[in-house]
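**Student:** with the input below, show me the fold.
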Amino acid sequence: MPVLSESEFLALAEAELDRLENAIEAAADAADADIEINRSGNVMELEFEDGSKIIINSQAPMQELWVAARAGGFHFRRDGERWVDTREGSELNEALSRYLSQQAGVEVLLR
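**Tutor:** Modelled structure (predicted):
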């Protein structure tokens, strides 16, 4: 997989964070889940009714998106058109749906 320039990576990461913000909001509404979304630059903080959080941020030096959830810390790298977990190979939407559901206490499915 070719290495992207920093500006290329930042543009892709920004677009993905924008997409995720909209997808999480829509999925939370559909599931009637109380998830507060706060975004500041390359960091998105999701806060749940029980006070737990999921943090999603871009790491330009590693060219990865990092997710910190109750389930642990996860790194996702761009693979073609998808962001894939560097350890287990799961796709970002699939993995985030799992983490969101665990912390919200209801099934939250990202599309």
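**Student:** strands of the protein, residue ranges please.
**Tutor:** With strands called from DSSP state E, the chain shows them at 35-40, 43-48, 53-59, 64-69, 72-79, 82-85.
**Student:** report pLDDT for the most centrally placed residue in the chain.
**Tutor:** Of all residues in the chain, the one closest to the mean position by Cα atoms, centre = their mean is residue 56, 5.0 Å from it. With respect to pLDDT, residue 56 scores 99.
**Student:** is it possible to export the strands of the chain to JSON lines including distance to residue 107?
**Tutor:** In this view, the C-beta of every residue, glycine as well, is placed from N, C-alpha and C. Shown next, in JSON lines, are the strands of the chain (distance: least, Cβ to Cβ, whole Å):
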{"stretch": "strand 35-40", "distance to residue 107": "13"}
{"stretch": "strand 43-48", "distance to residue 107": "14"}
{"stretch": "strand 53-59", "distance to residue 107": "16"}
{"stretch": "strand 64-69", "distance to residue 107": "16"}
{"stretch": "strand 72-79", "distance to residue 107": "20"}
{"stretch": "strand 82-85", "distance to residue 107": "20"}
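**Student:** which ones are touching residue 74?
**Tutor:** Shown in contact with residue 74 (Cβ atoms under 8 Å, 6 or more residues apart in numbering): 66-68, 85, 87, 95.
**Student:** so where's this structure uncertain?
**Tutor:** Within the chain, the stretches with pLDDT under 70 are 1-2.
**Student:** can I assume residue 71 is in contact with residue 100?
**Tutor:** No. Residue 71 lies out of contact with residue 100 (Cβ atoms under 8 Å); the separation is 10.5 Å.
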